[in-house]
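**Student:** Need a 3D model of the sequence below.
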Amino acid sequence: MELQERKKKILQAVIRNYLETGEPVGSRTIAKDSDLKLSSATIRNEMQDLEEMGLLTSPHTSAGRIPTDQGYRVYVDDMLQSERQEVRKMQNVLIQKQDHLETLLQQVSKMLASNTEYASMVSAPAIRKNKIKFIQLSQIDLKTILAVIVIEGNIVRNKMIHVEQPLDAKTVLQLNLLLNNSLCGLAVEEIDLKLITQIKLQAGVHSGIVSNVIDAAAEAIVPDKEPRIYTSGAPNIFKYPELSGDNAGRLISDFEEKQALTSIVRESLQDNTKDGQNAIQVYIGDQMPESMKDCSAVTATYDLGDGMKGTIGVIGPKRMDYDKVFSVLKNIMEQLDTLYRKE
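**Tutor:** The predicted structure follows:
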């Protein structure tokens, strides 16, 4: 059954109110508690139409309305359609996977905040025991070469290398072959002094370029001292009065400086390691960093394989909609897993 947009919103408002209170819902309640910005008389007329359509009914002559079975069906079908649209939207974002995982995680953070209406955080995966997948040297100008190093998990690092003399296309190709044949498939601990010396000898007068590339590769696959954390939706938490008081400035600061978020990420990864699985973790009140005692955090660990794990999480008031947050986190984890396990 197709409904006009206004009727649809009024039906949704009636059903949501009835689900919360269990009491028949009147037009004045909808006018007061919803953001429809319609008069009580207008809402009353629309509710009368919905009753004539069999979507609402009056249990008593003078009482408000309650949904019929058909009304529930229209409400649920519309909700399921919205959920499917969100899933498709999420899949489209994740399918647009570029080599830059960081870009993907930033998109996931924004999507997570949008879907939950809370603040979100996504940490880049901890990179341990990862191997070099590909190296590409490209001439930018006469004095500059761009080295692109791709490691397992499609983590990409770029480094600009200054050269004294311009290189011709043949030399760049030979250096690419040398570096890829010598380094691809190796972890950082396997790149020893003997191998570096051997590669430099083969590079001849271009050994300085090789040194720069090897340094960049080593930096790319050595774990970061602090996890990189992408955040989104921080203003969402100030919709809740208990979080918008004197401590609001401190909360914003924590989201900008990310020290408190780092402690949550580390604890989440540790807890999942103890559990032996990538379970959802919930931290409430006193389990949170000092400045976030009035908040809750729901986190999950995503696993890209090869020991690469990171955290996705939602931060909001202690009265957050946990069911919805659990559902969104599980969905994103499944999408990430499907996307990366195919490789």
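
**Student:** Ramachandran angles for Val122?
**Tutor:** Main-chain dihedrals, Val122, degrees, to the nearest 10: phi -140, psi 120.

**Student:** Leu50: what secondary structure?
**Tutor:** helix (DSSP: H, G, I helix; E, B strand; the rest coil).

**Student:** Which neighbouring residues are in contact with the residue nearest to it when sequence neighbours are not counted, exactly?
**Tutor:** Excluding its sequence neighbours, the residue lying closest to Leu50 (CB to CB, 6 or more residues apart in numbering) is Leu56, at 4.5 Å. Quick note: C-beta positions are derived from backbone N, CA and C, even for glycine. Contact analysis of Leu56 by CB atoms under 8 Å, 6 or more residues apart in numbering lists 11, 14, 47, 50, 65-68, 71.

**Student:** repeat for Arg319
**Tutor:** With CB under 8 Å, 6+ apart, Arg319 has these contacts: Tyr240.

**Student:** can you do 7 Å?
**Tutor:** By CB atoms under 7 Å, 6 or more residues apart in numbering, the contact list for Arg319 is empty.

**Student:** Got phi/psi on it?
**Tutor:** Main-chain dihedrals, Arg319, degrees, to the nearest 10: phi -100, psi 30.

**Student:** And the one 3 residues further on, by the same measure?
**Tutor:** In this entry, Tyr322 is assigned phi and psi values of phi -60, psi -40 (degrees, to the nearest 10).

**Student:** tell me the pLDDT at the closest residue to it other than its chain neighbours?
**Tutor:** Spatially, and ignoring its direct neighbours in sequence, Tyr322 is nearest to Val298 (6.7 Å; CB to CB, 6+ apart). pLDDT recorded at Val298 is 91.

**Student:** what ranges do the helices span in this structure?
**Tutor:** Applying DSSP state H to the chain gives helices spanning 5-21, 27-33, 40-52, 69-95, 101-116, 169-183, 193-203, 207-221, 248-257, 259-275, 322-341.

**Student:** Which stretch among those helices approaches Lys309 most closely?
**Tutor:** Between Lys309 and the helices of the chain, the shortest gap by CB to CB is with helix 259-275, which sits at 6.3 Å.
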